[in-house]
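Enquirer: would you be able to build a 3D model of this:
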Amino acid sequence: MPGRTSSDLNASTRLGAVRGVDDVAAGRRVRVTEGGGAADWTARFPGLFARGYVDYANADVDFFVGEPPDELIARIHCIATDSAGRVIVCRSEQEWRFLPGGTREPDEPIAETVARELLEEAGAKVTGEPVIFAAQVATSRNEGPYRPHMPHPLSYWAFALTTADLIHPPTNPADGEHVVEVLALPVDEAVRWLAVHDQTAADVVRLAAAMGLLTSPNGS
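Expert: As a prediction, this is how the structure comes out:
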């Protein structure tokens with residue numbers, strides 16, 4: 001196994017604050033201590049932390065900051081930044097705008113899910129260790145799981161921070177999204193771009209930036 005890169009170490013340093021998460025009332029009120037103070041992310045991002053319903057999955061969702069149980073993670077989306085600190089985002093032929101990610105395969109380690117999804121949807125090669133910092137708790141209203149290997153009725157849709165380089169066009173496997181555009185945008189631009197079709201993804205990027213988990217294009 002190769003040694004850890006500087007980007008690995010930087011990601012781990014920025015994500016150190018996540019380890020101190022105090023999750024209260026099943027994720028409805030979350031406080032993270034940073035720099036001797038407590039930031040109430042629920043108050044700052046009320047829409048993100050409000051209970052929601054996802055129609056295509058027929059599931060109720062609640063957002064929280066922290067790392068869910070590995071065995072209950074069904075899908076993951078990535079805030080992947082390049083060497084300039086820009087966020088990698090995707091657009092499908094249906095005009096959906098989203099963070100790269102998707103469904104976990106049977107017995108697939110999280111790091112492999114992240115690497116596979118970034119390559120498939122963004123043509124990006126992971127260069128840093130992915131670290132989960134938030135998730136949605138999804139409670140399905142369906143009688144059975146979406147796929148046989150997936151946890152049901154409760155599962156987690158995780159969000160991870162990692163670093164990656166765009167190396168070629170997305171591979172676009174037949175059973176996935178057909179991505180027609182991949183961009184690497186400064187954080188604020190990525191938020192505005194994603195918000196056109198995916199307010200949750202936009203707010204998750206905003207939250208990560210507010211928590212100090214993302215660096216700006218000039219490295220600050």
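Enquirer: where does Asp40 land on pLDDT?
Expert: Per-residue pLDDT puts Asp40 at 85.
Enquirer: neighbours of it, just the number please.
Expert: For Asp40, the neighbour count with other CB atoms under 10 Å is 12. Every C-beta, even on glycine, is put in place using the N, C-alpha and C of the backbone.
Enquirer: roughly how far does it sit from Pro130?
Expert: 27 Å (CB to CB, to the nearest Å).
Enquirer: go on, Pro173?
Expert: Pro173 is 20 Å from Pro130, by CB to CB.
Enquirer: which strand in this protein has the most residues?
Expert: Criterion DSSP state E: the longest strand present in the chain is strand 154-166.
Enquirer: ok, and for that one, which residues are buried?
Expert: Ser155, Tyr156, Trp157, Ala158, Phe159, Ala160, Leu161, Thr162, Thr163, Ala164, Leu166 (16 or more other CB atoms under 10 Å).
Enquirer: is the residue positioned nearest the centre of the chain bridged to anything, and to what?
Expert: With distances taken as CA atoms, centre = their mean, the chain has Phe159 as the residue nearest its mean C-alpha position (2.5 Å). Beta-bridge pairing for Phe159 (DSSP bridges): His77, Ala134.
Enquirer: what is the least confident helix or strand in this protein?
Expert: strand 22-24 (a mean of 35; mean pLDDT, DSSP states H and E).
Enquirer: distance of the residue nearest to Arg44 when sequence neighbours are not counted relative to Val196?
Expert: Sequence neighbours aside, Ala210 is the residue nearest to Arg44 in space, at 6.8 Å (criterion: CB to CB, 6 or more residues apart in numbering). Relative to Val196, Ala210 is positioned 21 Å away (CB to CB).
Enquirer: what of Trp41?
Expert: According to CB to CB, Trp41 stands 24 Å off from Val196.
Enquirer: Val87 and Leu214 touch, don't they?
Expert: Yes. Between Val87 and Leu214 there is a contact under CB atoms under 8 Å: 7.5 Å.
Enquirer: re earlier: so what does the longest strand of the chain touch, helix or strand wise?
Expert: Judged by 3 or more CB pairs under 8 Å, 6 or more residues apart in numbering; DSSP states H and E, the packing partners of strand 154-166 are helix 6-14, strand 73-81, helix 110-122, strand 124-126, strand 131-140, helix 199-210.
Enquirer: please save the CA atoms from the longest one in PDB.
Expert: It refers to helix 110-122. Presented in PDB, the C-alpha positions along helix 110-122 are these (Å, rounded to 0.1, in the frame of the first residue of the first chain):
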ATOM      1  CA  ILE A 110     -16.600   2.600   0.900                       C
ATOM      2  CA  ALA A 111     -13.300   3.700  -0.600                       C
ATOM      3  CA  GLU A 112     -14.000   1.400  -3.600                       C
ATOM      4  CA  THR A 113     -17.500   2.800  -4.100                       C
ATOM      5  CA  VAL A 114     -16.100   6.400  -4.100                       C
ATOM      6  CA  ALA A 115     -13.300   5.500  -6.500                       C
ATOM      7  CA  ARG A 116     -15.700   3.700  -8.900                       C
ATOM      8  CA  GLU A 117     -18.400   6.300  -8.900                       C
ATOM      9  CA  LEU A 118     -16.000   9.200  -9.500                       C
ATOM     10  CA  LEU A 119     -14.400   7.300 -12.400                       C
ATOM     11  CA  GLU A 120     -17.800   6.400 -13.900                       C
ATOM     12  CA  GLU A 121     -19.600   9.700 -13.500                       C
ATOM     13  CA  ALA A 122     -16.800  12.200 -13.600                       C
END
